[in-house]
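Colleague: got a predicted structure plus its sequence, pasted below:
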Amino acid sequence: LSGPGSAHEAAGRDLLMEHGFAPRLARFAATHASWDSPDVTIEELLVSTADKVWKDKRVPDLEDRLVQALATATGREPWEEYLALDDLLTRLGADAAHRLAFQAAFPVNQ
């Protein structure tokens, strides 16, 4: 789960299911990097965005897809959704250095 690459995605899903998580929830561990697939759901876009902003990484193409999905779901204008999302992601990303430093204090031993 700690090495480079994408093997952690399926391993994370399997680990969650082994610990009693329902497959419908555990699947997000395996799909959080697949936000550019044509059949991605709004839930997957939200999880993918959360995964990025947790590290204060902004991905414009991902955010654009999420904004469009939110606008479709709410009936609001895309620019309204963008303004709200941008403000939220900026606030969440602001504490990323603290979160990453805390995580780094607990290295994974293999």
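Modeller: Thanks, I have it.
Colleague: all contacts plus neighbour counts: C-alpha atoms, from now on.
Modeller: Noted.
Colleague: low pLDDT regions in the chain?
Modeller: 1-4, 109-110 (pLDDT under 70).
Colleague: mind listing the helices for it?
Modeller: Assigned by DSSP state H, the chain shows helices spanning 7-18, 23-31, 42-53, 60-74, 78-93, 96-104.
Colleague: got the angle for the fourth one vs helix 42-53?
Modeller: For helix 60-74 against helix 42-53, the angle by axes from the mean of the first three to the mean of the last three C-alpha atoms, to 10 degrees is 140 degrees.
Colleague: and what of the last one?
Modeller: Here helix 96-104 runs at 90 degrees with respect to helix 42-53, directions being taken by the same axes, to 10 degrees.
Colleague: need the contact list for the residue lying closest to Lys55 once chain neighbours are set aside.
Modeller: Distance criterion C-alpha to C-alpha, 6 or more residues apart in numbering; nearest residue to Lys55, sequence neighbours excluded, is Ala96 at 5.2 Å. When contacts are counted by C-alpha atoms under 8 Å, 6 or more residues apart in numbering, Ala96 touches 53-56.
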